[in-house]
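J.: pasting a predicted model and its sequence here:
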Amino acid sequence: MIKAPFFIVNPKSYLYGAEVVKLAQIADRLAQQYHIDCLFTGQLIDLPALKQATQHLIITAQTMDPLEPGRGMGQVLPEGLQSQGVGAVVLNHAEKPLTIAALDWTIKRARTLNLMSIVCADTPEQCRAVAQLHPTMMICEPTSVIGTGTISNDDYIQQTNQAVREVDPQILIMQAAGVSTGADVTHVLQLGADGTGGTSGIIQAPDWQAKLTEMMSALVQFKGE
């Protein structure tokens with residue numbers, strides 16, 4: 001099981017090939033240095049290379065499908081991910097939404113293979129509904145602030161945390177929308193999140209090493225308080 005507080009680096013489709021491996025190796029070194037659990041997502045085609053190039057990251061797929069081995073042309077087979085050492089999968093991101101039925105089946109498929117399911121949800125009502133499917137963790141983020149560099153407001157963070165924990169207190173909660181600085185990391189953790197991370201705030205930084213150090217060190221400092 002992943003230990004809180006934890007961090008996620010989510011390059012989406014901004015990086016691929018040698019560049020995403022480069023970022024992963026930076027995150028890998030810092031995860032080892034700071035003794036924290038760090039998830040790292042990648043394009044499906046890059047997942048084997050990411051696994052091979054790192055030792056301390058939880059390599060994470062950006063989606064998968066609930067199919068069984070057999071027919072399913074063009075879909076993402078859970079067993080295929082597992083065979084490549086993938087440890088987790090992000091589901092229902094605003095850029096890759098799923099129906100509630102597909103989400104239910106996919107979480108169950110992940111559970112049977114010991115893949116951690118990380119499910120995104122928007123409003124407090126959606127967070128409460130998704131929590132009833134009992135994923136490993138949830139990313140609570142309002143679609144309107146994704147990629148803007150503006151973090152969710154305090155009321156949203158507290159309301160979504162409460163909505164999830166009222167249904168299943170075992171679900172780990174990430175608040176990461178707009179998080180791009182060490183101060184942002186500290187703020188969302190102080191409001192009760194179990195983990196955080198980022199995409200554009202990291203990718204667009206002129207120095208990936210410096211940005212990840214800033215954010216991860218803030219997480220470690222909070223952990224030690």
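T.: Sure, I can see it. Numbering: from 1, shown residues only.

J.: quick one: average pLDDT of the helix or strand hosting G201?
T.: Using DSSP states H and E, G201 sits in helix 200-203. When pLDDT is averaged over helix 200-203, the result is 94.

J.: what residues does it touch?
T.: The contact list for helix 200-203 (CB atoms under 8 Å, 6 or more residues apart in numbering) reads 9, 11, 14-15, 23, 147, 149, 178-181, 184, 208, 211-212, 215. C-beta here means a position set from N, CA and C on the backbone, and glycine is covered the same way.

J.: all strands in the protein, in order from the N-terminus.
T.: In the chain, the segments counted as strands under DSSP state E are 6-9, 38-42, 57-61, 88-91, 116-121, 137-140, 172-174, 195-198.

J.: can you put those strands in CSV and add mean neighbour count and distance to Y156?
T.: Shown next, in CSV, are these (neighbours: other CB atoms under 10 Å; distance: least, CB to CB, whole Å):
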stretch, mean neighbour count, distance to Y156
strand 6-9, 26, 19
strand 38-42, 27, 22
strand 57-61, 23, 24
strand 88-91, 25, 20
strand 116-121, 25, 12
strand 137-140, 27, 8
strand 172-174, 23, 12
strand 195-198, 27, 14
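
J.: reformat the ones you listed as JSON lines; add distance to L30.
T.: Compiled in JSON lines, those are given as follows (distance: least, CB to CB, whole Å):
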{"stretch": "strand 6-9", "distance to L30": "9"}
{"stretch": "strand 38-42", "distance to L30": "8"}
{"stretch": "strand 57-61", "distance to L30": "10"}
{"stretch": "strand 88-91", "distance to L30": "19"}
{"stretch": "strand 116-121", "distance to L30": "20"}
{"stretch": "strand 137-140", "distance to L30": "21"}
{"stretch": "strand 172-174", "distance to L30": "18"}
{"stretch": "strand 195-198", "distance to L30": "12"}
